[in-house]
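>>> Have a look at this prediction, sequence included:
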Amino acid sequence: MTPKSPAATEVARRVCASDAADVSAPEVAAAAADRVCAQLRTGLARWVGSDGYRVLLDRALERVRVEHPALNNVSCVGGDEPEMVAAVQAHGAAGVAAGITTLVVTMIELLGRIVGEEMAAELVKQAGTASPRRAEPGIGGGLDG
C-alpha cells in the first residue's frame, strides 16, 4: 500500500480512539469497532448518499483487506457485531483496531480525491465523533451542527 497521509491518519486515530476505552473482552472491542463503522455510515451518508457511501466503503475495504485480513468477513456498515467478535477472537483487538483505523484513513484518502483531503478529513471527523442525536437524519444541519 502507498504511504498514508499524516493528516488522514491523525483524524482516523481520533475517530477510532473515541470508542476504544476498554477492549479487554472481544465483545467490547467488537462493539467499539462496530460503532465506528455505524457512525461513519450515518454521518458520511448525509453528504455522499447511501449509495455513494457504500461505493466508498467497498473500495476502501477492497484495498485494506489485503493488509488487514481481520476485516475479511465484516461489512463495516454497522450491525456487524457477531462478525466483529469473530474477527477479534481470530486476530485480536489490536488487529481489528488497526484494520478499522486503516479503513478510515483509506476512506479519507479516497473521498479526498473528490472533495479535497482537508474537507474529507473534516467530514470523517464530524461523522466519527457525532453524538447519536446528531447522527439522526434531519437533526444537526450542516457540518457545524
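Thanks, I have it.

>>> tell me the SS of residue 76?
Secondary structure for residue 76, judged by DSSP: H, G, I helix; E, B strand; the rest coil, is coil.

>>> List the residues that contact residue 92.
Going by Cβ atoms under 8 Å, 6 or more residues apart in numbering, residue 92 touches residue 70. Heads up, the C-betas are built off the backbone N, CA and C, glycines and all.

>>> tell me the pLDDT at it?
Residue-level confidence at residue 92 comes out at 90, pLDDT.

>>> That one and residue 107: what is the separation?
Relative to residue 107, residue 92 is positioned 23 Å away (Cβ to Cβ, to the nearest Å).

>>> ok, and residue 52, which helix or strand is that part of?
helix 26-67 (DSSP states H and E).

>>> what mean pLDDT does that helix have?
Rounded mean pLDDT across helix 26-67 is 90.

>>> now the helix or strand just after that helix against helix 26-67, angle please.
Later in the chain than helix 26-67, the nearest helix or strand by DSSP H and E is helix 81-115. Going by axes from the mean of the first three to the mean of the last three Cα atoms, to 10 degrees, helix 81-115 is angled at 50 degrees with respect to helix 26-67.

>>> elements contacting the next helix or strand after helix 81-115?
Heading C-terminal from helix 81-115, the first helix or strand you meet, by DSSP H and E, is helix 117-128. Applying 3 or more Cβ pairs under 8 Å, 6 or more residues apart in numbering; DSSP states H and E, one finds that helix 117-128 contacts helix 6-17, helix 26-67, helix 81-115.
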